[in-house]
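Engineer: Show me the folded form of this:
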Amino acid sequence: MSEALYERYKEALRRGHVAALRDRPAEAIAAYREASAIAPERALPHASLGAVLLKLGRVPEALDAYAAALERAPRDETALLGRADALLHQDRRAEAAEALDRAAEVQSGAGRPVEALDTARRALELAESKSRRRHVRELSAAIAATRSDPDAELAVARARQVLEAAEVRAAVEGAPAVDETADLEPPPELPPDPIALAVAADLALAAGDPSAARDDLLAAARIHAGAGQRDAALDACYRALAATPGDPEIHLELVDLYLERGWRGVAGDKLALLARLVELDGDLATDERIRSIVAGSFADDPRLAPPVD
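Structural biologist: Numbers count the residues shown, from 1 in each chain. Predicted coordinates for the structure are as follows:
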């Protein structure tokens, strides 16, 4: 987009926002539609248009606008929350809960666990399920363990109230309750939720505990890798590395992920650097793991000869 076109786009958006704030819906709709025509790849004009249409009670048109926004940006928080509100106007509670589930994931990923908990609680209120109860329970536990500010405490209290009522109904309806009522702890037979681990890591970093954040992120990376979600696993490793840059276990996890991707050159570079560091600090456990990887994938790489002789 040229600079002149971008300025026209910004001006149309500005007019739309001003008109919406001043309760001039016709002007707002025209301006947002103009902005979407100038920059058809952008989600914001469609999401903003949806909000105005929903306020006017034009629910089907609002849903179309939110759908257009989500086609361009599937993780657009404004569009997801707006879609949930529009669906509720049509009493489509299950679909609204699904939109809220996705919005909660976006908020968690953005490091806003309290907002994520409130959104997840709303989804549970609309459509109860075991997975939603577990998600609310895990978010509540992570926040309660690391935050003590009034907003966090209020969010946890609201969530627990809704969760307890949901668990009572599940028990009455014959759903298994043995793990569902376990003091906000996830069922032991289920693997940890990587989203909850990421939230816990954010909270640990905010509390000044990089080691705990590293443990949570490394665990999340391994869960993602086991599920074949390599991009998510790489992202979790990079975040863990930012918390504890010199941790050899994270570097080795990255080597494994690089090799799975076929990035042998990058994996070799990292392994060579790590081998030199191990030479300096005498980490025997890491040295043994490096030897195993080299023997399997880099036996003829001259950069790795010193640490494996």
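
Engineer: Model confidence for Thr218, exactly?
Structural biologist: Wrong residue type there; residue 218 is Leu, not Thr. Leu218 is assigned 89 on the pLDDT scale.

Engineer: mind listing what it touches?
Structural biologist: By Cβ atoms under 8 Å, 6 or more residues apart in numbering, the contact set of Leu218 is Ala236, Cys237, Ala240, Glu249, Ile250, Glu253. C-betas here are computed from N, CA, C, even on glycine.

Engineer: Need those in a markdown table (columns: neighbour count).
Structural biologist: As requested, those are exported to a markdown table (neighbours: other Cβ atoms under 10 Å):
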| residue | neighbour count |
| --- | --- |
| Ala236 | 27 |
| Cys237 | 25 |
| Ala240 | 26 |
| Glu249 | 16 |
| Ile250 | 23 |
| Glu253 | 21 |
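
Engineer: got TSV for those residues, with pLDDT too?
Structural biologist: Listed next are these as TSV, based on pLDDT from 0 to 100:
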residue	pLDDT
Ala236	88
Cys237	89
Ala240	90
Glu249	88
Ile250	89
Glu253	89
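
Engineer: a markdown table for those, including secondary structure and distance to Ala69?
Structural biologist: Formatted as a markdown table, these follow (DSSP: H, G, I helix; E, B strand; the rest coil; distance: Cβ to Cβ, whole Å):
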| residue | secondary structure | distance to Ala69 |
| --- | --- | --- |
| Ala236 | helix | 28 |
| Cys237 | helix | 31 |
| Ala240 | helix | 33 |
| Glu249 | helix | 41 |
| Ile250 | helix | 36 |
| Glu253 | helix | 36 |
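
Engineer: Tell me the one of these nearest Ile290?
Structural biologist: Glu249 (11.8 Å; Cβ to Cβ).

Engineer: Could you find the closest non-adjacent residue to that closest one?
Structural biologist: With Cβ to Cβ, 6 or more residues apart in numbering as the criterion, Glu249 has its nearest non-adjacent residue at 6.7 Å, and that residue is Leu218.
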